[in-house]
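[1] how does the following fold in three dimensions:
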Amino acid sequence: MAIAFLSLVAAISYRRLTGGPRSFHAVSTAEFLAPGTESEKSLRSPSMVPLSLPSRRGVQCRVIGWYVGFFTVVVTLIALAAGSPERPEMLQRLHDAGPEFTEVVVEKVGEVERHDPSRGKDFYAATVVVRLVPRTAAGAAVTATVRTDTPEPLAPGDKVTVLYAPSRPEIGAIAGDESRLGAFLRGDTMSPRGVWGYTGAWVIAIGFSVWGLWVRYGFRSFSRMREGDLAVRVRFMGTDHWRQGTANQRCLRLTTSSSKAVHFLTYIAKREVPEGLEGQELWLCWDGRRGTGGHRFSPRRASAALVSDDGWVLHALIAVEEAEALVGEHVSIKAHAVTEANPSPVGAQASEAPEPPKRLFLWDPRSAWPRFVSAWALALSSLLFACGVALLSGDLSGTWRWLTGLGGVVVALALAHVLTMRESLLAFIAMNSGGGSSASEARGR
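    Numbering: from 1, shown residues only. The predicted model follows:
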């Protein structure tokens, strides 16, 4: 949390040094025009399909870093709320006096309550009075009242295990053996079972993060085209929404020469698209093998990239159903690719052959997030940092610790909403949860 807070502080400071806050549209346009002016962007031949693209590895690292960071913060907040940064007052006093686990005799049994948990065996809770023997014979024995949980009802004369300080029996005692109180006596923030539980939850969250990366972008860097990768010439028609079942995601609408619609799944709104892009002809390249296995858990989206004749490349995904509908219009990238070794691809005119392959650049405006991150992000991260500090201190206990921890989780969700430019997590889950996988349900607005 401290690292995230300091990162946002550095981002805000950098933004102010570079001209103050800017909208995502301004940053998107600046990134789009960054590599050069229009005069420097000589059009490449439409017949030239690129064999290599700028890698999407940076996008993948940013996505996995975001997922892992978010889940780590959430699990940490809940673990801090469940644990305790210091020993309870009574246990601390016993610890300072040199405690021991000892069996003592029950002198009196108070009210007994039988508990029938949903799991495990019944047990009996009782308030009993026990006799504590001092370490020295000269000292007088004292009595203490403790709360016990036993498998059978207690009676006077029975023995129970308690923790008390023989040198100072007047402090009192706590019922329980080393397996129950040992972790707290050592100063552990929670029991070993709790540590394993939250560690397991974090590992599951990391697995979910890896799965989310695989679903959204795959593991390929998609920088070098392979056998099975396909391409088709499309025209950019503007922004749209792609629906499948309960999923509803922003996308770019593309059409082929036969007027087939393809939805390029990327979170870009109409106001974030640079001017002059609508109507341009582009190459749509995609992984022709991804999602074609026909298995239940086969991905329903394939890695894809838009390649402009001006040289920019945008990575995202397309639906496998829509990719399969392009059969007959696509071309093999290997056959139509242009490289230094193959300057004359299939279908190129003779006058176009001498033209060298153009240098491509990645259009990834979200990589410039320090320029458009809002002041709300800094405010929410400050509040999140304050929740973490409060949980690490010993000033909160009981209900207040849980309220602070749950409040921190709510703040983390709000911060996620702001930092992801309001991308819908629920839409992402619905899109990949198995509902609406039928191709007949996929439709554009």
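[2] residues in contact with Phe70?
    Ala412, Ala416 (Cβ atoms under 8 Å, 6 or more residues apart in numbering). To be clear about C-beta, it is placed using only N, CA and C from the backbone, and glycine gets the same treatment.
[3] for the helix or strand in which Gly388 is found, packing partners?
    Per DSSP states H and E, Gly388 falls inside helix 375-392. Where contact means 3 or more Cβ pairs under 8 Å, 6 or more residues apart in numbering; DSSP states H and E, helix 375-392 is packed against helix 2-17, helix 57-82, helix 399-419.
[4] save those as CSV, and put in mean pLDDT and distance to Leu317 too.
    Shown next, in CSV, are these (pLDDT from 0 to 100; distance: least, Cβ to Cβ, whole Å):
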stretch, mean pLDDT, distance to Leu317
helix 2-17, 60, 27
helix 57-82, 89, 11
helix 399-419, 87, 21
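[5] closest one to Lys108 among those?
    Lys108 lies closest, by Cβ to Cβ, to one member of the helices and strands packed on helix 375-392: helix 399-419, at 32.3 Å.
[6] any weak-confidence spans in this protein?
    1-48, 118-120, 137-139, 246-247, 291-299, 332-358, 371, 394, 420-445 (pLDDT under 70).
[7] coming back round to it: wait, which of the helices and strands packed on helix 375-392 is closest to Val327?
    helix 57-82 (28.3 Å).
[8] quick check: angle from that closest one to helix 399-419?
    Using axes from the mean of the first three to the mean of the last three Cα atoms, to 10 degrees, one finds that helix 57-82 and helix 399-419 are set 170 degrees apart in direction.
[9] got the buried residues for the helix or strand just after helix 57-82?
    Next along the chain after helix 57-82, taking DSSP H and E as the criterion, comes helix 89-97. For helix 89-97, the neighbour count (16 or more other Cβ atoms under 10 Å) marks Leu91, Leu94, His95 as buried.
[10] adding distance to Ser55, write the residues you listed out as CSV.
    Formatted as CSV, those follow (distance: Cβ to Cβ, whole Å):
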residue, distance to Ser55
Leu91, 55
Leu94, 60
His95, 56
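[11] which one of those residues is nearest Glu107?
    Leu94 (20.4 Å).
[12] you'd agree the closest one is up against Pro166?
    No: counting by Cβ atoms under 8 Å, Leu94 does not reach Pro166; the two are 10.7 Å apart.
[13] I'd like to know which of the helices and strands packed on helix 375-392 is closest to Val210.
    With Cβ to Cβ as the yardstick, what comes closest out of the helices and strands packed on helix 375-392 is helix 57-82 (7.1 Å).
[14] returning to what we had before: so can I have TSV of the helices and strands packed on helix 375-392 showing distance to Asn248?
    Shown next, in TSV, are those (distance: least, Cβ to Cβ, whole Å):
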stretch	distance to Asn248
helix 2-17	29
helix 57-82	20
helix 399-419	17
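[15] nearest to Glu281, out of those helices?
    Short answer: helix 57-82, nearest of those by Cβ to Cβ, at 24.4 Å.
[16] what residues sit buried inside that closest one?
    Buried-residue list, helix 57-82, by 16+ other Cβ under 10 Å: 59-60, 63-64, 66-82.
[17] need the contact partners of stretch 230-240.
    46, 49, 250-257, 262-263, 268-270, 273, 277-286, 288, 306, 323, 326, 329-333, 336, 444-445.
[18] can I get that stretch as PDB, trimmed to CA atoms?
    What follows is stretch 230-240, C-alpha atoms only, in PDB (Å, rounded to 0.1, in the frame of the first residue of the first chain):
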ATOM      1  CA  LEU A 230      -4.400 -14.700 -40.100                       C
ATOM      2  CA  ALA A 231      -5.100 -11.200 -41.400                       C
ATOM      3  CA  VAL A 232      -7.900  -9.400 -43.200                       C
ATOM      4  CA  ARG A 233      -8.300  -5.900 -44.600                       C
ATOM      5  CA  VAL A 234     -10.900  -3.900 -42.700                       C
ATOM      6  CA  ARG A 235     -12.300  -0.400 -42.500                       C
ATOM      7  CA  PHE A 236     -12.600   1.400 -39.100                       C
ATOM      8  CA  MET A 237     -16.200   2.400 -38.600                       C
ATOM      9  CA  GLY A 238     -16.000   4.000 -35.100                       C
ATOM     10  CA  THR A 239     -16.700   2.900 -31.500                       C
ATOM     11  CA  ASP A 240     -19.400   0.500 -30.500                       C
END
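[19] hang on, Cys285 packs against Ser52?
    No: taking Cβ under 8 Å as the definition, Cys285 is not a contact partner of Ser52, at 10.8 Å.
[20] neighbour-wise, which of the two wins?
    Cys285 (26 against 13; other Cβ atoms under 10 Å).
[21] assign a three-state SS to the more buried one, would you?
    Using DSSP: H, G, I helix; E, B strand; the rest coil, the structure places Cys285 in strand.
[22] excluding its backbone neighbours, what's nearest it?
    Ala231 (4.5 Å; Cβ to Cβ, 6 or more residues apart in numbering).
[23] which strand or helix spans the one you found?
    Going by DSSP H and E, Ala231 is in strand 229-244.
[24] that'll do, ta.
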